[in-house]
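Participant: Sharing a sequence plus its predicted fold:
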Amino acid sequence: YLSLESFQEQKSLVSLFILAAKYSRSPAMNITRKGALSLGFLTSLSFSSCRQKDWPWNQEPTSTKGLWGYIDTSGSWVIPPRFDEAFAFSSDDVASVCYNISVTNNSRPFYGLIDTSGTLTMQPTNGSQFYSFPFFPTIRKDFVERGYTNKLPDFDTNKRHEGIADRSGAWITKTMLEGVTWGCGIDSQGHYVASDSEVFGCKGVVDTPGNWIIDPKYKFMGYDALFYFDKTGCIPVVEKDQDLWGWIDGSGHWIIKPTFSAVKNFYLTDYAAAQKEKDGPWGLIDKSGAWVLDPVCKGLSSPIQDDLCIARDSKTDKCGFINLSGEWVIDPIYSSMRYDDLGNPSIIAVEDSESSLLGLMDLRDKHMITSFEYAEIYFNWKEPYPALDNASHLWGYIDRTGAWVVPPRYKKFRGFSPNGLAAVKSEE
């Protein structure tokens, strides 16, 4: 890390240093007494130059333990560990990375962007944060400066401008938004869910430049809603100052009136799970809002394969699979079940009720692929799947047969992006 403790404590000098580091693109950055005085930033200087090579992103780390880097599907390092935090690659093949810089025993995050070779496309900066996720453009957040703390500009994280950035970190969104909800996804037209900076907390749908397609008047919008919008044509929402869920179309008109306490999205079929009353049983509805499976389950997913749903039995509190007639196709004997809703829904992870360990099941033939041997399994956009080894408590990646494709040796992980790279944290 770079220590700033020896720098002169004039706030204006530090401001100049941060701005120069942010915007300079030259191989070396020199701040001379004459130059600083001519800019009117300070009246005295205790050092004569600060070069970009002193920043941590321009140096090789002395140790890679506990740092983030990127591997391919064979487990080989493509971008060696050098970051304090790293995210998955976005839809435009850049990833957000973070360096923590120590300032008087405190740490400040400096966010930048890299391409698939590890080259910075956006120099790390203290005033902006970047977040990158598969199938989604890069999100940029700029915070409002409110003074100085520990010799660095202090930002109010509750006051921010947010939107979409390009590969270099420059704004694409013209309208500054209060927030971007990447978890709702993005449709084929580039529309995504965001919150209006002038109507705090209210969500709507915008296009890439930030024009409102659906006005921001909703308290909630369903997770993954826009990932499936091209197929379903509807979005689950809760209106402002209301608590009930319904569905709207791409123009914001009601398809199903808000009458449900909780809902799941229409994913792969024309049926969705819904709960009529809070803490009440779950059933299935069609796109008219009519019940096709009466609410009798303690928990229920929307259909994921051959009109089969994950269901939690009200009597035993265990999970299994039911069909549209409410018949148990796989008996409720498991503590939990999960599936790959953006990839291969036929492969599911099931949790053993006795050991609490997980294994893989093929829903097509309804047989276990593996034994119960994993402490955790996540489905994360792309095979291989992140899995937590029960013995070492380290993360690796398994394929659909349960074989370790990347051995378990990482403290933390991200899922593989479509470009075949995954961010992982090396063992401390």
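Facilitator: All right, it came through fine. Here the structure is a predicted model, which means the values were calculated and not measured.
Participant: and for stretch 61-74, what are the contacting residues?
Facilitator: Stretch 61-74 has contacts (CB atoms under 8 Å, 6 or more residues apart in numbering) with 77-86, 95, 97, 118, 384, 397, 405-406, 411-412, 416, 420-428. The way it works is simple: take the backbone N, C-alpha and C, and place the C-beta from them, glycine included.
Participant: correction: stretch 244-261
Facilitator: So stretch 244-261 is contacted by 205, 213-215, 220, 222, 229, 233-239, 242-243, 262-263, 266, 274-278, 280, 285, 287-289 (CB under 8 Å, 6+ apart).
Participant: Sort out for me which of these are in helices.
Facilitator: Applying DSSP state H to those, the entries found in helices are residue 229.
Participant: For PyMOL, write a command that selects the buried ones of the contacts of stretch 244-261.
Facilitator: Buried residues within the contacts of stretch 244-261, by 16 or more other CB atoms under 10 Å, are selected in PyMOL with:
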select buried, resi 205+214+220+222+229+234+235+236+237+238+239+262+263+266+274+275+276+285+289
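Participant: Filter the contacts of stretch 244-261 down to just the ones in strands.
Facilitator: 205, 213-215, 220, 235-239, 262-263, 274-275, 285 (DSSP state E).
Participant: of the residues you listed, closest to residue 109?
Facilitator: Set against residue 109, the nearest of the ones in strands among the contacts of stretch 244-261 by CB to CB is residue 220 (28.6 Å).
Participant: Which SSE is immediately downstream of the helix or strand bottoming out on mean pLDDT in the chain?
Facilitator: None of the helices or strands of the chain scores lower by mean pLDDT, DSSP states H and E than helix 33-39, at a mean of 33. The helix or strand immediately downstream of helix 33-39 is strand 68-71, counting by DSSP states H and E.
Participant: in its sheet, what does that following strand sit against?
Facilitator: strand 77-83 (antiparallel), strand 422-426 (antiparallel) (DSSP bridges).
Participant: quick one: buried residues of the first one?
Facilitator: When burial is assessed from 16+ other CB under 10 Å, strand 77-83 yields the following buried residues: 78-79, 81-83.
Participant: And the residue nearest the centre of the chain?
Facilitator: Nearest residue to the geometric centre of the chain (CA atoms, centre = their mean): residue 133, 5.5 Å.
Participant: Residue 411: neighbouring residues, count only.
Facilitator: 15 (other CB atoms under 10 Å).
Participant: And the pLDDT at it?
Facilitator: Listed pLDDT for residue 411 reads 94.
Participant: Hmm, it is touching residue 395, no?
Facilitator: Yes - here residue 411 reaches residue 395: they are 7.2 Å apart, a contact under CB atoms under 8 Å.
Participant: Poorly predicted segments of the stretch 51-200 of the chain, please.
Facilitator: Within the stretch 51-200 of the chain, the segments meeting pLDDT under 70 span 51-54, 103-106, 145-159, 199-200.
Participant: And the strands in it?
Facilitator: 68-71, 77-83, 85-89, 95-103, 106-114, 120-125, 128-133, 136-149, 152-165, 177-186, 192-196 (DSSP state E, counting those that start in this stretch).
Participant: Report all helices and strands that the third one contacts.
Facilitator: Just to be clear, that refers to strand 85-89. Judged by 3 or more CB pairs under 8 Å, 6 or more residues apart in numbering; DSSP states H and E, strand 85-89 is in contact with strand 68-71, strand 95-103, strand 128-133, strand 422-426.
Participant: go on, the fourth one?
Facilitator: Counting contacts by 3+ CB pairs under 8 Å, 6+ apart, the secondary-structure elements packed against strand 95-103 are strand 77-83, strand 85-89, strand 106-114, strand 120-125, strand 128-133.
Participant: Tabulate those strands in JSON lines, adding columns for distance to residue 371.
Facilitator: As requested, the helices and strands packed on strand 95-103 are arranged in JSON lines below (distance: least, CB to CB, whole Å):
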{"stretch": "strand 77-83", "distance to residue 371": "31"}
{"stretch": "strand 85-89", "distance to residue 371": "30"}
{"stretch": "strand 106-114", "distance to residue 371": "39"}
{"stretch": "strand 120-125", "distance to residue 371": "44"}
{"stretch": "strand 128-133", "distance to residue 371": "33"}
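Participant: which residues touch the nearest residue to residue 192 once chain neighbours are set aside?
Facilitator: Using CB to CB, 6 or more residues apart in numbering and skipping the chain neighbours, the partner closest in space to residue 192 is residue 186 (4.6 Å). Each residue near residue 186 by CB under 8 Å, 6+ apart is listed here: 91, 135-137, 192, 226-227.
Participant: Farthest pair within those?
Facilitator: Using CB to CB, the contacts of residue 186 span at most 14.0 Å, a distance reached by 137 and 227.
Participant: Just give the nearest non-adjacent residue to residue 215, would you?
Facilitator: residue 204 is the one closest to residue 215 (CB to CB, 6+ apart), at 5.2 Å.
Participant: OK, contacts around that neighbour?
Facilitator: So residue 204 contacts 193-196, 212-218 (CB under 8 Å, 6+ apart).
Participant: Among those, which one sits closest to residue 360?
Facilitator: Once CB to CB is applied, the member of the contacts of residue 204 that ends up nearest residue 360 is residue 193, at 32.0 Å.
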